[in-house]
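Student: Prediction below, plus the sequence it came from.
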Amino acid sequence: MSFSDLFDSEFKSRNKGHFSAIVRVAIADGEMNAQEKEFLDKLAVRLEISPAEYVEILDNPMKYPINPPYLHAQRLERLYDLSRMVYADHVLGPLQKEILAKFALALGFTPGNITFIVDKALSLLMLNVDLDTFVYEMTNMNR
């Protein structure tokens, strides 16, 4: 196995784990609504999840291990990616804040300030900030 194959394999595995975690969050309340399904459809494409993998993960989201980000900066990077997906397409409409709050909690952010984190993330995206600015502003939001 070449180095590039190993990298591709690790990247695909991480994406499957990431997608699986998001599916778990989406179905945590027992059902998935049409907006959440549409969001997952688009997310699968962005994460390069094949149609067969998509069905497999929806059928059994526990099959793939969750690779939770250990470092705060990594959590912010994932929050940035998820926030951009939620915000960019406006797929979830009024559910944007609710679903993003679920994702932020799943990423390990503190429940006590989740509303502030979600509001700040979405406000930064309205300003069309890049990843570096997002991470900087989210890291320094209490200063």
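Tutor: Good, I have the coordinates.
Student: helix, strand or coil for residue 141?
Tutor: Three-state call for residue 141 (DSSP: H, G, I helix; E, B strand; the rest coil): coil.
Student: contacting residues for it?
Tutor: Contacts for residue 141 were tallied using C-beta atoms under 8 Å, 6 or more residues apart in numbering; they are 116, 120. From N, CA and C alone the C-beta is placed, and that goes for glycine too.
Student: just to confirm, which helix or strand has the most centrally placed residue in the chain in it?
Tutor: In the chain, the centroid-proximal residue (C-alpha atoms, centre = their mean) is residue 82; its distance is 3.8 Å. Element membership for residue 82 (DSSP states H and E) is helix 72-89.
Student: can you check residue 116 too?
Tutor: helix 114-126.
Student: Counting by contacts, list what that helix packs against.
Tutor: On a contact count with 3 or more C-beta pairs under 8 Å, 6 or more residues apart in numbering; DSSP states H and E, helix 114-126 meets helix 72-89, helix 96-107, helix 131-139.
Student: Now do it against helix 72-89, angle only.
Tutor: Here helix 114-126 runs at an angle of 60 degrees relative to helix 72-89 (axes from the mean of the first three to the mean of the last three C-alpha atoms, to 10 degrees).
Student: Next, count neighbours for residue 58.
Tutor: If you count neighbours by other C-beta atoms under 10 Å, residue 58 ends up with 17.
Student: Alright, that wraps it up for me.
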